[in-house]
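Model the following, please.
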Amino acid sequence: MEHIHGSDGSSSSSQQNPKSTAKWAASLENLLEDPEGVKRFREFLKKEFSEENVLFWLACEDFKKTQDKKQMQEKAKEIYMTFLSSKASSQVNVEGQSRLNEKILEEPHPLMFQKLQDQIFNLMKYDSYSRFLKSDLFLKHKQTEEEEGDPPNAQTAAKRASRIYNT
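Okay, here's the model as predicted:
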């Protein structure tokens, strides 16, 4: 349900920067690339008691960028202890969890958590992300955005659109 006029994008010169909520709504990837989006998504997940999913995903992203072997080992252990071990404080729910043990930490490599990260990404994408887009938290942010700093003509269009879609 996107309300973007001018399919070739030529008529949207007044909308040089699409609103962040529009970007977030376009894909979970966009949401996770935007620090503000991550912040809002975390607030939402906290309410759903599943914030550990996005924290795990972010930790894996950070881990993949780690070059230093020693640092990699430390971060791998931290990710394991925080999210994957049976005693983890913020345990994520991934397949094959019971088979995961500290042995994986002996030979850390940048993509060692990739499979698990993908699982969690899909879990968020098909579960919490779709609920996030319907949540008050997201909708209020979107509304605030629409009311702020729009050129007058775009504002009335947005208002009209919201009237049409909120009936």
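
which stretches of this structure form helices?
Using DSSP state H, the helices of the chain run over residues 20-26, 28-33, 35-47, 51-64, 69-79, 114-123, 129-134, 136-147, 152-165.

I'd like those helices laid out as TSV, including mean neighbour count and mean pLDDT.
C-betas here are computed from N, CA, C, even on glycine. Shown next, in TSV, are the helices of the chain (neighbours: other C-beta atoms under 10 Å; pLDDT from 0 to 100):
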stretch	mean neighbour count	mean pLDDT
helix 20-26	18	95
helix 28-33	18	96
helix 35-47	16	96
helix 51-64	19	97
helix 69-79	16	95
helix 114-123	17	95
helix 129-134	16	96
helix 136-147	14	93
helix 152-165	12	51
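
Same list as before, the ones you listed that is, but in CSV and with distance to residue 99 included.
What follows is the helices of the chain, written out as CSV (distance: least, C-beta to C-beta, whole Å):
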stretch, distance to residue 99
helix 20-26, 35
helix 28-33, 27
helix 35-47, 26
helix 51-64, 17
helix 69-79, 16
helix 114-123, 12
helix 129-134, 28
helix 136-147, 36
helix 152-165, 47
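
Which among those helices is found nearest to residue 107?
Closest approach to residue 107 among those (C-beta to C-beta): helix 69-79, 9.4 Å.

Report all helices and strands that that closest one contacts.
Counting by 3 or more C-beta pairs under 8 Å, 6 or more residues apart in numbering; DSSP states H and E, the packing neighbours recorded for helix 69-79 are helix 51-64.

Packing partners of the helix it packs on?
Against helix 51-64 (3+ C-beta pairs under 8 Å, 6+ apart) you get helix 28-33, helix 35-47, helix 69-79, helix 114-123.

Residues contacting that helix, please?
32, 38, 41-42, 45, 72, 75-76, 78-79, 82-83, 90-92, 110-111, 113-114, 116-117, 120-121, 123-124, 128 (C-beta atoms under 8 Å, 6 or more residues apart in numbering).

Over to stretch 79-98?
Stretch 79-98 is contacted by residues 51-53, 55-56, 59-60, 63, 100, 102, 104-105, 113, 116, 119-120, 123 when judged by C-beta under 8 Å, 6+ apart.

how about the CA coordinates for it, as PDB?
The C-alpha trace of stretch 79-98 is given here as PDB (Å, rounded to 0.1, in the frame of the first residue of the first chain):
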ATOM      1  CA  ILE A  79      27.600 -13.000  21.500                       C
ATOM      2  CA  TYR A  80      27.500 -16.600  22.500                       C
ATOM      3  CA  MET A  81      27.200 -15.900  26.200                       C
ATOM      4  CA  THR A  82      24.600 -13.100  25.700                       C
ATOM      5  CA  PHE A  83      22.400 -14.700  23.100                       C
ATOM      6  CA  LEU A  84      23.100 -18.300  22.400                       C
ATOM      7  CA  SER A  85      24.300 -20.200  25.400                       C
ATOM      8  CA  SER A  86      21.700 -22.100  27.400                       C
ATOM      9  CA  LYS A  87      22.300 -19.700  30.300                       C
ATOM     10  CA  ALA A  88      22.200 -16.600  28.100                       C
ATOM     11  CA  SER A  89      20.600 -13.500  29.600                       C
ATOM     12  CA  SER A  90      19.000 -12.500  26.300                       C
ATOM     13  CA  GLN A  91      18.600 -15.800  24.600                       C
ATOM     14  CA  VAL A  92      17.400 -15.800  21.000                       C
ATOM     15  CA  ASN A  93      15.400 -18.600  19.700                       C
ATOM     16  CA  VAL A  94      17.300 -20.200  16.800                       C
ATOM     17  CA  GLU A  95      17.200 -23.700  15.300                       C
ATOM     18  CA  GLY A  96      19.800 -26.100  16.500                       C
ATOM     19  CA  GLN A  97      20.400 -24.000  19.600                       C
ATOM     20  CA  SER A  98      20.800 -27.100  21.800                       C
END
